[in-house]
Each structure stands twice: as C-alpha cells, then as structure tokens.
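Participant: Fold the following, please.
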Amino acid sequence: ALLPVLHGIQNALGYVPPDAVPLIATGLNLSRAEVHGVITFYHDFRNHAPGRHVVKICRAEACQSMGGRDSEAHARQRLNADFHETSADGRYTLEPVYCLGNCACAPSAMIDGKLHGRVTPQRFDQLIDALETHDLRAFVGVLPFFHIYGMVVIMNLALLRRATSVTLPFEILQAASQMA
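Facilitator: Okay, the predicted model is just below:
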C-alpha cells in the first residue's frame, strides 16, 4: 500500500516532502525508516520540489555508445544544471536515468514524461526551444487583463507558486489503509 500512497503524493505535489514521512508511516502503521527506505531506494521519488520541467537523460551503454555523453554534457550546459539539480530559475530539473528502453533510437531523453529518441545536442535544443515556446504561448493564452487607470495589469494566479503544506489528503491515507 505504500507505493501507491507515495506515487499519489508525488503526482499531486511533484515530490514527497520529508515532513510527510512520519504522517505516512503513522497512517500505514509502518516505521519512518521503512517509508524513508522506500523513498530513497526508488530513483523516481524526490524529497524536494522539481523544476517546472523534468528532463531525464539516459546514461545506459547503448545511449553512451551513440553519442549520449555529448548530449548529456550539452544538456547540463543548456539547462545550467547538473544531474540531480534544478536550474536557478526553477524551470528545469535534470536527472540521470539508466535505461529508458529506447535503445534502438539512442541516445534517448524523457522530458516531462514524454520519451524522445535520437537526441543529439541539436535535437535537444529543438526540444527545449519548443518547451519554452509552449510555455510562453500558454502563459499569454491564459492571462486575464484588467484595465486600471489606463494601465494594463496582467494577473495570472495559476503561475503563482502556492506553498505546499505537509498535510496529506485524508483520502490518500484512507485509501492506503483499505488496501493494506
């Protein structure tokens, strides 16, 4: 029952807050060490908020043999972040992956859960440029405009980062206890 709870929390918040570990342990009648052990064992779980976009670069042998090292060096430079880091502007989190199962189309990357093959440095730039263009279009497309004293004030509450509390949704813990 622990894995579905952790996945649910990470899907909702983007990570599993360390302060949530005791709450999860209590809700599932587990020790904090057991919960912490599962979170740290599985590479997909994070204990800190990721950037707006998560970029995973395959570091397996097939991708390395097809130019993956050049792609990963370029990704680190382009995103201004190393593996397991988030760029200073909060836009990108860069993570290593040790096989995306796309060896025939190496080198591979996964961006926001979407798999991409034959990711050369030039292709990587195209993918990131497309993300940035999409972000800009989405931003402009949803902005309400308010005219106050002849000036346009742009407001978009969706872009404000809301503080995440450590309180876990009761439904997640309740569902987990029923699955146990």
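Participant: quick one, strands of the chain?
Facilitator: Using DSSP state E, the strands of the chain run over 53-58, 85-86, 92-97, 109-111, 114-116, 145-148, 151-154.
Participant: okay, those, which one's buried deepest?
Facilitator: strand 53-58 (a mean of 23; mean count of other Cβ atoms under 10 Å). For every residue, glycine as well, the C-beta is placed using N, CA and C.
Participant: who touches it?
Facilitator: Here strand 53-58 makes contact (Cβ atoms under 8 Å, 6 or more residues apart in numbering) with 68, 71-72, 75, 79, 83, 91-100, 102, 106-113, 119, 131.
Participant: what do you get for stretch 105-122?
Facilitator: The list of residues contacting stretch 105-122 from outside it, by Cβ under 8 Å, 6+ apart, reads 53-58, 62-68, 70-71, 74-75, 97, 100, 102, 104, 123-124, 127, 131.
Participant: Give me the buried entries from those residues.
Facilitator: 53-58, 62-64, 66-68, 71, 74-75, 97, 100, 102, 123-124, 127, 131 (16 or more other Cβ atoms under 10 Å).
Participant: Surely residue 10 and residue 45 touch.
Facilitator: Yes - if you go by Cβ atoms under 8 Å, residue 10 and residue 45 touch, sitting 6.1 Å apart.
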